[in-house]
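In: Generate a structure from the sequence data that follows.
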Amino acid sequence: MTQNLGKLDRTLRIVAGVAIAAWGVYAQNWLGAIALVPLATGLIGWCPVYLPIGLNTNK
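Out: Below is the predicted model of the structure:
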């Protein structure tokens, strides 16, 4: 499993994940758990959706 996310892509995913999680806590809604997806992919640096597309933002 090689990294296929670049630095900017990872940063944006982490920021989006934190924002979604904060919204979930603020709204007291379980949909904030969706934040786990962008947070996990941002922290790991690998996105499974990029594989079939052949996309790689990592330099």
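
In: quick check: longest helix of the chain.
Out: Criterion DSSP state H: the longest helix present in the chain is helix 7-27.

In: neighbouring contacts of that one?
Out: For helix 7-27, contacts defined as Cβ atoms under 8 Å, 6 or more residues apart in numbering pick out 5, 29-39, 41-43, 45, 57. Where you see a C-beta, it was placed from the backbone N, CA and C, and this is true even at glycine.

In: ok, now with 7 Å
Out: Leu31, Gly32, Ala33, Ile34, Ala35, Pro38, Leu39, Thr41, Gly42, Leu43, Gly45, Thr57 (Cβ atoms under 7 Å, 6 or more residues apart in numbering).

In: what is the rounded mean pLDDT of the next helix or strand along the chain from that helix?
Out: Following helix 7-27 in sequence order, the next helix or strand is helix 36-44 (DSSP states H and E). Helix 36-44 shows a mean pLDDT of 96 in the predicted model.

In: what do you get for stretch 8-16?
Out: Mean pLDDT, stretch 8-16: 97.

In: That stretch: which residues count as buried?
Out: For stretch 8-16, a neighbour-count test (16 or more other Cβ atoms under 10 Å) marks Asp9, Arg10, Arg13, Ile14 as buried.

In: So the second one versus Leu51, what's the distance?
Out: Using Cβ to Cβ, to the nearest Å, one obtains 17 Å as the distance from Arg10 to Leu51.

In: In PyMOL, how would I select the buried members of the contacts of helix 7-27?
Out: In PyMOL, selecting the buried portion of those, with burial taken from 16+ other Cβ under 10 Å, looks like this:
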select buried, resi 32+35+38+39+41+42+45
